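Engineer: predicted model and sequence below, questions to follow.
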Amino acid sequence: MAVAKRVSDEPAFVLHSYDWSESSLILEVFCRQQGRTALVAKGAKKPSSNFRPVLLPLQPLLVTYTLTGDGHADIHTLKGAEWVGGHVMPTGDALLSGMYLNELLLRLLARADPHPALFDAYAGVVRVLASEHGDALEAVLRSFELLLLREIGLLPGLDVQTMTFDPLESNARYTLVPEGGLRAASAADRAGLTGSQWQALQRGLDDVASYTATLRACAPVATELKPQLRALLQYHCGSPTLRTRQLMIDLQAL
C-alpha cells in the first residue's frame, strides 16, 4: 500500500478560504517552499474543530498536509496547522491593505510555483501591518508591489528607458506605464519620478536585502508611485477591478 507523501511544518499564510461542504473549507495558502497551494480543511467549520481559531488570514502558520495522488493534484488535505504567534490581527486600513495584498497573490501567482524571497517579504509586510506604524503603510505597500512584479517577471528594469534602453538622466522625469514600461514623462504625467529616483528603486530591488532596501527607496516617492503601480498591477490582473480595491474606493465615497 502506497504511503501518502507529507509536507510537514511548512511556513504559510492563509490567503483566502471558501466553503467546501457543510463542515469543511477549501483554503488558498501561500507557503514558503511550496508556493501557492490549495488545501481542504476537513471539519474546519465544526465548533469543536482545532482549526477554527487558527485558519485566519494575515497570521503566520506552520501547516502539515498530505499530497493527493502523485502530488500534482489541485487540492491536498490539511492535517495540521499551528499558529506561530508574534503579532495580532491587523485592523482598519491595515487589514484592508493586507486583504489587498492577498488578492494580488491569488491573481498573479501560479500554484506550486515557490517564491521564498517573496514569502519572506510578505511576512515582513504583515508584521508592519499588525504594528502601530501606520505612517509606513504606503511605503510598505509600494515596496511589496515592486517586489511582487519583479519576482514574477512583470517589472521592467528601472534604470533604463524600456523601449530604447537609453540611460536615464538624473533630473529628467519618467513614468511607468502598463504597455510601454518606463518612458519619458509627458507634461500631463504628474506622477513621474526623476531618473535618480527610479535608479534608487532599482538599486533597492537588486540589493541582497531587497525588502528593506526597496522600502527605504520607496519611502520618499510612495505617493507618486501609487497610481503607476496600481495601473500596472490592474493591467496584469485583468478585469474586473480588484475586489479589495473597489471596496476601498466605495468606503472613501461614503
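Structural biologist: Done, it's in.
Engineer: what about the stretch 151-254 of the chain, any weak spots by pLDDT?
Structural biologist: Scanning the stretch 151-254 of the chain for pLDDT under 70 picks out the ranges 240, 244-254.
Engineer: ok, which stretches of it are strands?
Structural biologist: Assignment of strands within the stretch 151-254 of the chain using DSSP state E, counting those that start in this stretch yields the ranges 173-177, 181-184, 193-194.
Engineer: Serialize those strands to TSV and add fields for distance to S23.
Structural biologist: C-betas here are computed from N, CA, C, even on glycine. Shown next, in TSV, are these (distance: least, CB to CB, whole Å):
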stretch	distance to S23
strand 173-177	47
strand 181-184	49
strand 193-194	52
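Engineer: save these as a markdown table, and put in mean neighbour count too.
Structural biologist: Formatted as a markdown table, the strands of the stretch 151-254 of the chain follow (neighbours: other CB atoms under 10 Å):
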| stretch | mean neighbour count |
| --- | --- |
| strand 173-177 | 22 |
| strand 181-184 | 19 |
| strand 193-194 | 21 |
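Engineer: quick one, which of the ones you listed is nearest to P47?
Structural biologist: P47 lies closest to strand 173-177 among the strands of the stretch 151-254 of the chain, at 49.5 Å (CB to CB).
Engineer: how many neighbours does the closest residue to R111 other than its chain neighbours have?
Structural biologist: Sequence neighbours aside, R36 is the residue nearest to R111 in space, at 5.0 Å (criterion: CB to CB, 6 or more residues apart in numbering). Number of residues near R36 (other CB atoms under 10 Å) recorded here: 20.
Engineer: mind listing what R36 touches?
Structural biologist: Residues in contact with R36 (CB atoms under 8 Å, 6 or more residues apart in numbering) are L15, E28, V29, F30, L105, L106, L109, A110, R111, A112, D113.
Engineer: wait, a helix at the fifth one?
Structural biologist: Pointing back at L105 there. Yes: L105: assigned to a helix according to DSSP: H, G, I helix; E, B strand; the rest coil.
Engineer: that one touches V29, doesn't it?
Structural biologist: No: checked against CB atoms under 8 Å, the pair L105 and V29 is beyond contact range at 10.2 Å.
Engineer: between these two, which contacts overlap?
Structural biologist: In contact with both L105 and V29: L15, R36, using CB under 8 Å, 6+ apart.
Engineer: so these two - more neighbours on which side?
Structural biologist: Higher neighbour count among L105 and V29: V29, with 26 against 21, using other CB under 10 Å.
Engineer: give me the nearest residue to the more buried one, chain neighbours excluded.
Structural biologist: Going by CB to CB, 6+ apart, V29 has A12 as its nearest residue, at 4.7 Å.
Engineer: now do the strand or helix carrying that neighbour: which elements does it pack against?
Structural biologist: Assigned by DSSP states H and E, A12 belongs to strand 6-19. Under the contact criterion of 3 or more CB pairs under 8 Å, 6 or more residues apart in numbering; DSSP states H and E, strand 6-19 touches strand 25-31, strand 35-41, strand 61-66, strand 75-83, helix 92-108, helix 116-129.
Engineer: switch the cut-off to 7 Å
Structural biologist: Applying 3 or more CB pairs under 7 Å, 6 or more residues apart in numbering; DSSP states H and E, one finds that strand 6-19 makes contact with strand 25-31, strand 61-66, helix 92-108.
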